[in-house]
Every structure is written in C-alpha cells, then in structure tokens.
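Generate coordinates for the sequence data below:
(chains A and B)
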Number of protein chains: 2
Amino acid sequence: MEEPTSKKGAKKAEAKAKKEAEKARKAAEREAAAASSSAAASAEDLAKENYGDIKTAPKSSSVEYVPLRELGEKHIGQVIELQAWIQNSRMQGAKMAFVELREEGNWAIQGVVAANAEGTPVSKQMVKWIGGLKLESFVQVEATVQKPLDPVKSCKVSEYELHLKKVYLIAAAPETLGLGLATANRVVGSLAEQEEMADPNVEGLTITEGAPVASLATHLNNPAMHKRAAVSQAIADIRIEVEDLFCEYLKQRRFKKFHPPALIGAASEGGANVFKLPYFDTEAYLAQSPQFYKQFEIAGGRKRVYCVSPVFRAENSNTPRHMTEFIGLDLEMEIQKHYNEVLYMLEGVLLYIFRGLAERCREEIDLIRSVYPSEEFQLPEPGKEVRLTFAEGQSLLRAEGPPEFAEVKDEEDMSTPQEKALGALIKKKFNTDFYVLDKFPVDARPFYAMPDPENPKVTNAYDFFMRGQEILSGGQRLHLPAELEAHIRFKGLDPNQKGIKEYVDAFRSVGVPPHGGGGIGLDRVVAFYLNLPTVHLVSDYVRTPKRLSP
Amino acid sequence: MEEPTSKKGAKKAEAKAKKEAEKARKAAEREAAAASSSAAASAEDLAKENYGDIKTAPKSSSVEYVPLRELGEKHIGQVIELQAWIQNSRMQGAKMAFVELREEGNWAIQGVVAANAEGTPVSKQMVKWIGGLKLESFVQVEATVQKPLDPVKSCKVSEYELHLKKVYLIAAAPETLGLGLATANRVVGSLAEQEEMADPNVEGLTITEGAPVASLATHLNNPAMHKRAAVSQAIADIRIEVEDLFCEYLKQRRFKKFHPPALIGAASEGGANVFKLPYFDTEAYLAQSPQFYKQFEIAGGRKRVYCVSPVFRAENSNTPRHMTEFIGLDLEMEIQKHYNEVLYMLEGVLLYIFRGLAERCREEIDLIRSVYPSEEFQLPEPGKEVRLTFAEGQSLLRAEGPPEFAEVKDEEDMSTPQEKALGALIKKKFNTDFYVLDKFPVDARPFYAMPDPENPKVTNAYDFFMRGQEILSGGQRLHLPAELEAHIRFKGLDPNQKGIKEYVDAFRSVGVPPHGGGGIGLDRVVAFYLNLPTVHLVSDYVRTPKRLSP
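Predicted structure coming up:
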C-alpha cells in the first residue's frame, strides 16, 4: 500500500512551498548539468560520451544485461551491461584506474580502464573521473568480460574482470560515508561495547581486537550501509530461510495460516508491559502474543493453524535479547490422543529448521562465522531427542550443577543462570544444543495451561532450549470453560473482566477440542543458532525502548 | 510466543481467589460427575461404558484414527475412531438416533445408532443420550464404516455412514448457540443491512430474501460459529492462497522477504489518520504502509523485496471497504531500464494470483458463489492486457461515460464513482475486470512519485483495478536526494522534519538505484475477486472504528 496522500490542510503552506520547490528543483538541475559538463570539461575529450552523468548515456542500449551471479566462460570477450555499486576505486598512475563493482549478495568484480587502450575511446579525463568515483555510488557500465592475469582475490567473482568501455553515474554517494563497507562487515561494537552487549550467560562470544569497528548504534543509524554488508545480508537470508522452513513444514502437515490482529480491545493479563493507545472514543492495546487468537481459530473449527506476526512488549528491558517489537512464529493444533502430539510437532519443526539451515545456508553460515565465530549447533541424533521433565532438570542441577544451585526447588521457575547451567550440563551429557524441558510447575505458567491429570502441581507445558537459552514456550491449553474459569480465579484474575471474558466466551459458546501449541521468536532462533552477540543484528528494523528509527 | 505470565502484584487477590477457585473447581467436577452418572443412570444399562463423558472412555484405544477426507472403500466394514463436531442430532422413535459428525473443511458424515443392534451393546439410554447431544459439541466416536441405503445428501461424505459403537463427549456446547451453523452459512445481514452494506458503486450484490439471516455484527460477535461455517472457511482458504501465490511468484523471481516495523518514530506525512501512542519517554506511531522501509531495503542493497505486514489507518470510515488494520502485500524493486519493469511485475503477480485461484480453488469459489453469487472474474487474454493512461481513461469517460462525467479533467484525481463508471466502460469494450491506469497526475500522488521525464505534469505511477475498484497503487519513486527534497517542499512539507528527514537521509547517505513498487490490500483482492459485499467477511479479525473485539 502506498502512503495515503494527505489531501487536507497545508494548502497555503503548499502554495508557498511550490515556489521554493521550483527554485530548489532548478538549482538541482543546474547542479546536475554542471557536474555533467565538468566531467566532460575538456573540448578535446574524445570519450566524453562514454562516461559522466547517466543523462549523457545513449537512450537505449542493445547490450545484454548480465547479473554477476550468472557470469560464465561463455561471456569472455563479450560486451555486457551492468548496474552496480562502486565498492572500491583507485588510480594507478595517470592513465589507469581500477574499480570494484558490487551487486546484491556480495557479488563483486574488478573493473579496469586505461586511457588509449584499444577499442572504444578512453580518455585520461575519463580514467580520472572513474578513479575518483565515490564509494557506494551506483553506476551503469558497459564492459568487455576478460580473464584477469591472476584471480582477483578481493572479489567474489575472481575469475573474470571487466574492461570498462562506458561508465555512467546513476546515483552519487556522498564524499564521506557514515559507515564504511569494510567496517560494516566487521563485528559490531568496541571491546567495551562488546563486553557490555555480551549476555553474561552466553558463552563463546568472540571479542575482537584489531581492525576498526563501529558501535551497534552506528550500524543501526546507517541502515543502508549496515544492510549492504555481506554479513548483514547473510543474516537476513538465514532469517528468511527460518521463516520459510517453518511455514513449509507446517503446510505439509495441513496447518492453515491466519493473521492475528495487532490491535486488541483489552490487555489480557492485567496490563503489565502492554502498549496502550487512544482508539477513536476508546482505547486499544498492542498484542503481546497471538495466543488467544490461535485458540479462537481452533474454536472456529480449524484443526491446525500457524501464524507469522509482529508481537509487542512494552518492557523497559535494554538487553541484547530484548526488543519491543518482534516477529513471532506460532502454531496451535487439535490434540487427538496425547499432548505429546504437540510437543513432537514443535520439536519436529525446529529440527526441520536446524537441519534445513545446515543444508541450504552453508555459505551464509560460514560467512557469518568468519565475522562472528561460533561452534556448529549440535543436534541430537534422530530418535535420541533430549526431553527431560522440569523436575529431572532441577534434580540434575542439584546433583551436578554449580554449588549455588544445590537447593533449587521443583515447584519454582528456573532463572536464566539456572537455565544456562543446565544447558551446559546437558551439552556435556548428551552432546546436544537443543532439548526440551517438560512438565513445568503450575506457578511458572499462565492460567490457560493444562495441569497434568496425574500431578496437578505441574502442567502439560514445556520450554525448548537452544544453547541453554529458552527459545520456545508452549503446552496444552485448558479447553473447558469451567476449568478455565477456575484457573483464571486461581491466578487472581476475574473471568469476567474485559479481554478475558471474550476469551472464556469462546469456550462457552461451542464445544472446543483439546488443543495445544507454542511460539518461537524468529530473531532469537537465528541469533542463538549462530551464537550472535545480540538479536539486534537479526531484526530487519530494531525496536527497543531507546530505538524507534529508522 | 506465550502471553507473558504476570508475576507481580495481585498476590493477595490470588490467595483469596485460590479458595474460590478450589470451590469452583470442585463444583465443576461434581457437575461433570453428575452429568456422566445421569447418562448412565439406570443400573441395567449394559452400554454404560460405551458413551458419556470422555472420562469414562477407555484409556487407550487401538482403533485407527481416520480423518473423514481420507475415508474410502477400503474402510467399509472396518471400525474407525474419529473426533468431530455434532452438526445435527435427532431421535427416530425411541430406539434410533441420527447424528451428523463434522470435521474441518465441511467434511461431514452421517452417524446412526440403534438400540439392540448387533455387535457392541447399545442401550436405549445410550441412543437417547446421543440423540440429545447439543449441536456443535465435540465428541469422540468409535464406529463401523458402512454404505448407506441411499447417499446422504446433507453430508459432504455422502457415500458412507458410521454405525456408532461408542460416543464420548469431549466438550459440550451450550443449550443454545449464539449463531447456528445453517445461519452462519448464509449471506450476512438483513435486507436493510445488506442494502446499507452494499457499496452503491459495486454492482452485482445479491440481496437475499427468504431463510433467516444474521447481521454481520452477530457473525463477528460469534467468531467460533462464524468461522465454522463452510463459506467462512472457503473464504479464509482463498485468502491463504492469495498470499501464497503472491509469495510464490516473487520468490521465483529472486525477491527477498523482509518485515517492516509496525512501530515507527514519526508520522511520515503530517499525522493525518495515524494511530499515536505513548512509547516510554516519547511517542510512537503505527505504520500506515511499509513504503519507506521497502525503499530502505533497496537503499540497503537488495535488488527486489516484498513483505506481508499489517498496516494501520486511524480513519473514521465506517464502510464495507475500510478497516483500521489490514494485511498489505507489498513489493519494491530496482529498475534496470524502464519503470514498466515494475508495472509488468505487478501485473504479472496479480494475473498469477487470479489464474492460480481459478485453478487451485475451484471448489471453494463455487461454494462461496452458492452463498454470494458473482460472475466469473474476467481476465484479459495473455498479450492483451489493458493499460490506459490516466488521460486516456478520463477521455473515455468524457466521450462515453455518464453525462455527469462529461467535464472530468486530466490533471484531477478520479472519484470512486468515476472509477466505477470507467470500470464498466472498460468491461464493455475489452471484456476484462482487471486493468491498469498509468501516468497519474502529480497532484494525485505522494511526494515520492517520480514525474514522467517527458511530461512533468504526470508521474510514472499507476493504479490497478478489479471490477472498477482500485486494488493496487504503485509507481516509480524518486531516488536522488535533491529531487526528493524539491518534491517534499512542493507538497508543502519540510524535508528536515522528523520522520521525513531520516527517509531523505537514506538517499543522501549512499547512491540508491532507480526503483519502484506497489502495494495490494490482501482482503480487498479476495473481496473484489469474489464480489463479496464487504471486506469484513475476509479479514480473520475485523478491526474498524467500532470493532476491536474479539
């Protein structure tokens, strides 16, 4: 959808601005004209039509456009057209210039131009102009594909080079970049910042000393350059793949996609950490999860549903693991015989994601590891998935964990340091970075969690972990209105309060099958899989208490 | 993601509530026990273990679970297990009962039970209990598959029936439903409401007289029953398919998915129709479109991007075409030679969606038409796509349109009635419900629209239409910061104001390629394709100025 055109107001300001705008437009045109004529300043420049502003380019070109990823032996000796960014430009003497031309996906190639070379006329002025092109400008080139004398190590396309015949500037970059490409491609943060960012509970973060680095804030404040870095594109590509694998697996199993709303009429659980906004003559809230809506879908006759949707947390947490807006991958399904059907489905989709990434994104993973080193994510062997009860986890911590956890209790929720310590124990014992803790105590779960029929102190609910960090929360839900009401009261809430009433009504209004589900934070899956220092490197547009922009 | 557990506060209330909850829980248990024992009241009931509350069901069953969609000849004579909703239940005499059992996707089958039939013991009490099951209750059954004497016309599975051996109630529906299934499956709205809902510009709405219907509000206030209707599920399935086809087409063409933020730091165009909310010590807004973010992706080095994301409009419009939150399908791409590359891509993806729906969703379309009749959506023949300039459209209206449009002007935007009249003319002339109007006048477009280099009064921007209604807005965008600033001023805005500055900065910070794109409203595509009376029948959870719930 386009931004709506504001048709009302500002009419006067518009009229006044029109004149200014006209002036500015003409000034801009004069500037452009000057730039283009200065490039071709000298009257004896025989090459003046072969370079300069794009406006000097011939109207139509019959030369074939070849993306760099498709360049092959058959193109040697041929003239091709290309649009690309200037990733490097330098003079060699007065008559020769080298550039590096880059396309999406870090596809870069070396371009060479020499005055008085054979073929199309190339002037000294043209060479100088090319050698002086600002980094990250966007150009259109016509060039002959050739084999270089030696492979060009600095470019992904190392086996070919381009002998430039024509170069036109489509969009100029400024004199100085807010963030250079080389820096954008390095680890974020100064040593101090990296240490601060490093979650004390996450092992294996590499603190890099040496080449200049920029702070995370500098990266995020320069989105165009941050995103142009190969490492950023690789992370974004992996994020896409995680979402695709999630949807793929579930679609194959007859899950139906739906879109839960972001705007909701009531803060469902007392209003903590919920964004609130004026909504016509009432108030609205931003959804903290699609939980109720997934269950409405089940009540509405779907056997299995999933969604990919933004969720919002108004929590003033400024840590590398928190964001105020993020993408949730959620599913919910009817249970036929046992709630383990849900647990196995969630385990299945995550294993499918992990195996899929290792298969489909080898190149991206390796590239990211060259910047953010991490150990390969260890999976359990098929059939040897690690599933402990919460009590077994606590017992393991008491028996073999650090002394401070010698007294942990089965009915109390785990702290992050406990989770982390348990993760290390499980890694040592079972050699896996991925495992499930089942049967969480009632006190650690929301009111809609189904108690274990054999032990009402615990629930049919579980967390999943990656490298000792919680990545998924889920379980079986209460599906009978009387039980639901009882549990709502037990948690000190009122089943008839706004937001909760309409939830319980769904179960009162029809017969709803037994069901369960779970939810994953998309950015966390990527960050934990790659052991990145912060989820802020994964989100397309980071939102934190201190960041709403760009 | 789960709803976060509220750990703070309400401790006292919780303690107090615990007792009440315990009481309620016990009462619920007593009730359940009473229900189950009254079902098996009579001491001589030989079948008492074969029906009643699910708690009386044997713990494990070795009977195969067969979903109705998979039922086939090979199952005849076999005993299967099934979980389903009671869609109908009735007694025939004192010894026989009929039920209809339904699964997702309108798969329903007739079940029969007769006292003293051969095989498993069936008592009169059991038959009576089954015949009295409340509609839309959820049950588990064990039954023998048989051929009925005559095909069962009222069920999608008409060639088989189930001879019930065991029936257990998993979740009971209430005595009276807020909305019955038959009504949920009919057109929404009384005659008066249908007329009010009918956009006067939309032809072909069928106003239905006869069987009882429920208002749109009743439908939406009873989400579980509204969603259980076959017509609702068919609409939801088509909506899923539209999104899938959109993503499929673009992925095949190397488009990369991303997620634009919903929370943004500034209202980009003056603040009209934007939701605003307190955000820690500042304010945030809800995105009206992903426009700027799509362009940031292009500036960030992606050649082609798309997104599927919620967008928000704080517009107090209470019409069948408006919602305050809806899902946008958006794309943006680098232009190599001509902005028509974008136009053709958008046309391509929409044609792919329309052809895909006709191919993949025949059954759903026919089912929806049986409730909401509409003519087949007419597509142009391949190679004969209808693309008029805005001026050609106005000229056609002047020459052949209704008299009130005899004076329409080339530089003024079209009204909805004009669009509609033009749609009718084009349908008559070219026999297509889908066409493009290109080269919109500058005044009708936002500041970022690229003017036509040959005629600065118009832009390289277009709208797409379905049945005379705008479905897509798009075009080429300005990519040079100086031109962008001039146009921002021309529209009476300040290029350095919050929200706009960071947008222009993206173009100042690097060289950005020429690019363009467009956006589609997901719900509108479905509603216009099927000629539904309102987009509110398409959205999973409708949000309007007056509706925030469920």
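
what's around the residue in the stretch 101-250 of chain A that chain B sits nearest to, how many residues?
Nearest residue of the stretch 101-250 of chain A to chain B, counting by C-beta to the nearest C-beta: residue A:227, 2.8 Å away. C-beta coordinates here come from the backbone N, C-alpha and C atoms, glycine included. Applying other C-beta atoms under 10 Å in any protein chain shown, we find 22 residues neighbouring residue A:227.

List phi and psi for residue A:293.
phi -70, psi -30 (degrees, to the nearest 10).

Looks like residue A:378 contacts residue A:430 (just checking).
No: using C-beta atoms under 8 Å, residue A:378 is not in contact with residue A:430, being 9.1 Å away.

out of the two, which sits in the busier spot?
residue A:430 (17 against 13).

who's in contact with whatever residue of the stretch 251-400 of chain A ends up closest to chain B?
Nearest residue of the stretch 251-400 of chain A to chain B: residue A:300, at 2.8 Å (C-beta to the nearest C-beta). The contact partners of residue A:300, by C-beta atoms under 8 Å, 6 or more residues apart in numbering or on different chains, come to B:223-224, B:226-228, B:232.

Got a quick ChimeraX command for the buried subset of these?
This is the ChimeraX syntax for the buried subset of the contacts of residue A:300, where burial follows 16 or more other C-beta atoms under 10 Å in any protein chain shown:
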select /B:223,224,226,227,228,232
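
out of the contacts of residue A:300, who's near chain A?
Checking the contacts of residue A:300 against chain A by C-beta under 8 Å from any C-beta of the partner chain, the ones in range are B:223-224, B:226-228, B:232.

Counting residues, name the longest strand you see in chain A.
The longest strand of chain A (DSSP state E) is strand A:79-92.

Which of the helices or strands spans the closest residue to residue A:232 other than its chain neighbours?
Closest residue in space to residue A:232, ignoring its immediate chain neighbours: residue A:226 at 5.7 Å, by C-beta to C-beta, 6 or more residues apart in numbering or on different chains. Residue A:226 belongs to helix A:223-228 when assigned by DSSP states H and E.

CA-only coordinates of that helix in CSV, if you can.
Extracted C-alpha coordinates of helix A:223-228, given in CSV (Å, rounded to 0.1, in the frame of the first residue of the first chain):
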residue,chain,number,x,y,z
PRO,A,223,20.8,1.3,7.7
ALA,A,224,21.8,1.5,4.1
MET,A,225,25.5,0.7,4.7
HIS,A,226,24.8,-1.7,7.6
LYS,A,227,22.5,-3.7,5.3
ARG,A,228,24.9,-3.6,2.4
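
can you give me the mean pLDDT across that helix?
The average pLDDT for helix A:223-228 rounds to 97.

Verify the contact between residue A:260 and residue A:290 for me.
Yes: using C-beta under 8 Å, residue A:260 makes contact with residue A:290 at a distance of 3.6 Å.

Now for residue A:498, how many residues are close by?
Neighbours of residue A:498 (other C-beta under 10 Å): 12.

Would you mind giving the domain segments of chain A?
Taking the TED database as the reference, chain A has its domains at A:51-171, A:231-537.

After the helix holding residue A:226, which helix or strand is next? Please name it.
Next along from helix A:223-228, by DSSP H and E: helix A:230-252.

coming back round to it: show me the two of the contacts of residue A:300 that sit farthest apart.
Pairwise distances across those (C-beta to C-beta) peak at 10.7 Å, for the pair B:224 and B:232.

How far off centre is stretch A:510-520?
The chain centre lies 29 Å from the centre of stretch A:510-520; the measure is C-alpha atoms, centre = their mean, to the nearest Å.

Now do the same for it: mean pLDDT, whole number.
Mean pLDDT, computed over stretch A:510-520, is 97.

and residue A:153, that one's in a helix?
No: applying DSSP: H, G, I helix; E, B strand; the rest coil, one finds residue A:153 to be coil, outside a helix.

Most tightly packed of the domains of chain A?
domain A:231-537 (a mean of 20; mean count of other C-beta atoms under 10 Å in any protein chain shown).

thinking again about what came up before, isn't the residue nearest to residue A:232 up against residue A:217?
No: the criterion here is C-beta under 8 Å, and residue A:226 misses it with residue A:217 at 10.6 Å.

Check for me that residue A:298 belongs to a helix.
Yes: under three-state DSSP, residue A:298 sits within a helix.

Angles on the backbone of the residue lying closest to it once chain neighbours are set aside, please.
Among residues not flanking residue A:298 along the chain, residue A:515 sits closest, at 4.7 Å (C-beta to C-beta, 6+ apart). Dihedral angles of residue A:515 (phi, psi; degrees, to the nearest 10) stand at phi -160, psi 170.

mind listing the strands for the stretch 151-300 of chain A?
A:161-171, A:256-257, A:263-264, A:276-279, A:282-286 (DSSP state E, counting those that start in this stretch).

quick check: angle from the longest one to strand A:79-92?
So that's strand A:161-171. Orientation check (axes from the mean of the first three to the mean of the last three C-alpha atoms, to 10 degrees): strand A:161-171 against strand A:79-92 gives 90 degrees.

Three-state assignment for residue A:101, please.
Residue A:101 ends up strand, using three-state DSSP.

Run through the bridge partners of the nearest residue in space to it that is not next to it in sequence.
Using C-beta to C-beta, 6+ apart and skipping residues adjacent in sequence, the residue nearest residue A:101 is residue A:84, 3.9 Å away. Note on residue A:84: beta-bridge partners by DSSP bridges are residue A:139.

So residue A:84 is in contact with residue A:102, correct?
Yes: taking contacts as C-beta under 8 Å, residue A:84 lies within contact range of residue A:102: 5.7 Å.

tell me which strands and helices the helix holding residue A:226 is in contact with?
Counting contacts by 3 or more C-beta pairs under 8 Å, 6 or more residues apart in numbering or on different chains; DSSP states H and E, helix A:223-228 packs against helix A:181-184, helix A:230-252, helix B:291-299, helix B:500-509.

got the ones you listed as a markdown table, with distance to residue B:409 columns?
Listed next are these as a markdown table, based on distance: least, C-beta to C-beta, whole Å:
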| stretch | distance to residue B:409 |
| --- | --- |
| helix A:181-184 | 49 |
| helix A:230-252 | 46 |
| helix B:291-299 | 27 |
| helix B:500-509 | 30 |
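
and of the ones you listed, who's closest to residue B:95?
Closest among the helices and strands packed on helix A:223-228, using C-beta to C-beta: helix A:230-252, at 45.6 Å.

okay, the closest one in PDB with CA atoms only?
C-alpha atoms of helix A:230-252 as PDB (Å, rounded to 0.1, in the frame of the first residue of the first chain):
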ATOM      1  CA  ALA A 230      27.700  -9.200   3.200                       C
ATOM      2  CA  VAL A 231      27.400 -10.400   6.800                       C
ATOM      3  CA  SER A 232      24.100  -8.500   7.300                       C
ATOM      4  CA  GLN A 233      22.700  -9.900   4.100                       C
ATOM      5  CA  ALA A 234      23.700 -13.400   5.100                       C
ATOM      6  CA  ILE A 235      22.000 -13.000   8.500                       C
ATOM      7  CA  ALA A 236      18.900 -11.600   6.700                       C
ATOM      8  CA  ASP A 237      18.900 -14.500   4.300                       C
ATOM      9  CA  ILE A 238      19.100 -17.000   7.100                       C
ATOM     10  CA  ARG A 239      16.200 -15.300   8.800                       C
ATOM     11  CA  ILE A 240      14.100 -15.600   5.600                       C
ATOM     12  CA  GLU A 241      15.000 -19.300   5.500                       C
ATOM     13  CA  VAL A 242      14.000 -19.900   9.100                       C
ATOM     14  CA  GLU A 243      10.500 -18.500   8.400                       C
ATOM     15  CA  ASP A 244      10.300 -20.400   5.100                       C
ATOM     16  CA  LEU A 245      11.200 -23.700   6.700                       C
ATOM     17  CA  PHE A 246       8.700 -23.100   9.500                       C
ATOM     18  CA  CYS A 247       5.900 -22.500   7.000                       C
ATOM     19  CA  GLU A 248       6.900 -25.300   4.700                       C
ATOM     20  CA  TYR A 249       6.900 -27.900   7.400                       C
ATOM     21  CA  LEU A 250       3.600 -26.900   8.800                       C
ATOM     22  CA  LYS A 251       1.900 -26.500   5.400                       C
ATOM     23  CA  GLN A 252       2.900 -30.100   4.500                       C
END
